[in-house]
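# okay, here's the prediction I keep looking at, along with the sequence it came from:
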Amino acid sequence: MEVLELALVLFAIALVAGGIDAMAGGGGLLTVPALLWAGLTPVQALATNKAQSVFGSFAATARFVRAGAIDLRAAALAVACTFVGAAAGSVAVQVLASDLLAGLVPVLLIGFALYFLFSPRVSDLDSRRRIGDRAFAFTVGTAVGFYDGFFGPGTGTFFAIGYVALLGYNLRRATAHAKLLNFTSNLAALLLFVAGGQVVWALALAMAAGQFIGGWIGAHLVLSHGARLVRPVLVAVSLAVSAHLLWERFATAEAAAPAAQADTAAQ
């Protein structure tokens, strides 16, 4: 495939992924496989994915800020904690295995999908908060930030569920603030990947344009339609990420089985 054709294909994929990310997260389900298909190594694909997704999360965040949907003063500590957590996770993933999370995250996301589907708290109305902003920042901000730097899939959903279930935000506000923290964690992880020289900038910049447009459009749809749109998208993305992770786990186990049998026979 010609370089221009490849850039256009990746731009289109990033455009769709940016819109999905702005509404519910999970755009990496489209962009990471696309980057692997383009010939990047797994580490390059993850690094380049962070580079391009930063533009989409920034565009969505800027749109939400412009509309007054984000309280920057209240979110400041959560932003700081998320940045520190994501940086720590990006370092930890280089020395620790992520097998435990690969098995646990699909179960959590299925549970969250059911929560988004049936809980009366998931609406266009605020509900009673259960913890303060400081406690939220140090727990959810740090922990989910670490998770994004360490593993990643479903980060936007984790942030959104925290805002809805713990701070009582309506789904529109929760999605807006979740995108701010997602942008923060993306940026922290990207800085470490850049330091390691793993980003393929030619592809990242082509996709960044699509992400920016998609993120802006997705944020506009959230502001216009609220829970009526975001709720089913969050449920669908949560289930899609779960299915993707479970399938990867199954495929890895299937591929490893013949090798294990061969080793046993050799002994």
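Done, it's in. Residues are numbered from 1 along each chain as shown.

# contacts, neighbours, all on C-alpha from now
Fine.

# per-residue pLDDT of Val105, please?
Per-residue pLDDT puts Val105 at 69.

# I should have written Leu8 there, sorry.
At Leu8, the model reports a pLDDT of 92.

# so how far is the helix or strand it falls within off the chain centroid?
According to DSSP states H and E, Leu8 maps onto helix 3-24. Here helix 3-24 shows a centroid-to-chain-centroid distance of 15 Å under the convention C-alpha atoms, centre = their mean, to the nearest Å.

# give the contact list for the residue nearest the centre of the chain.
Centroid-nearest residue in the chain: Thr155, 4.1 Å away (criterion: C-alpha atoms, centre = their mean). For Thr155, the contact set (C-alpha atoms under 8 Å, 6 or more residues apart in numbering) comprises Gly25, Gly26, Val144, Tyr147, Asp148, Asn182.

# low-confidence ranges, the chain, go.
1, 94, 96-105, 112, 122, 253, 255-267 (pLDDT under 70).

# burial of Ala251, as a residue count?
By the criterion of other C-alpha atoms under 10 Å, Ala251 has 11 neighbours.

# one step back: show me what the helix holding Leu8 is packed up against.
For helix 3-24, the elements it packs on are helix 28-37, helix 42-66, helix 155-165, helix 171-195, helix 201-225, helix 227-266, judged by 3 or more C-alpha pairs under 8 Å, 6 or more residues apart in numbering; DSSP states H and E.

# what comes into contact with that helix?
Under the criterion C-alpha under 8 Å, 6+ apart, residues 26-28, 30-31, 34, 38, 53, 56-57, 60, 156-157, 175, 179, 203, 206-219, 221-222, 230, 233-234, 237 lie in contact with helix 3-24.

# that helix to helix 28-37, inter-axis angle?
Counting by axes from the mean of the first three to the mean of the last three C-alpha atoms, to 10 degrees, helix 3-24 lies at 160 degrees to helix 28-37.

# okay, buried residues for helix 3-24 please.
7, 10-24 (16 or more other C-alpha atoms under 10 Å).

# could you do stretch 107-121 as well?
Within stretch 107-121, the residues that qualify as buried are Leu109, Ile110, Phe112, Ala113, Tyr115, Phe116, Arg121, counting by 16+ other C-alpha under 10 Å.

# can you lay out the contacts of Thr155 as TSV showing distance to Ala188 and neighbour count?
Supplementary listing: those in TSV, determined by distance: C-alpha to C-alpha, whole Å; neighbours: other C-alpha atoms under 10 Å:
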residue	distance to Ala188	neighbour count
Gly25	17	30
Gly26	18	25
Val144	13	28
Tyr147	12	24
Asp148	10	27
Asn182	10	33
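
# and which of those residues is nearest to Leu167?
In terms of C-alpha to C-alpha, no member of the contacts of Thr155 lies closer to Leu167 than Val144, at 15.4 Å.

# so the host helix or strand of that closest one versus helix 155-165, what angle?
Using DSSP H and E, Val144 falls within helix 142-150. Angle, helix 142-150 to helix 155-165, by the same axes, to 10 degrees: 170 degrees.

# tell me the angle of helix 142-150 relative to helix 171-195?
Interaxial angle of helix 142-150 relative to helix 171-195 (the same axes, to 10 degrees): 50 degrees.

# ok, back up a step: among the contacts of helix 3-24, name the buried ones.
Burial by neighbour count, judged by 16+ other C-alpha under 10 Å, picks out 26-28, 30-31, 34, 53, 56-57, 60, 156-157, 175, 179, 203, 206-219, 221-222, 230, 233-234, 237 from these.

# okay, now Val140: neighbour count?
Using other C-alpha under 10 Å: Val140 sits among 21 other residues.
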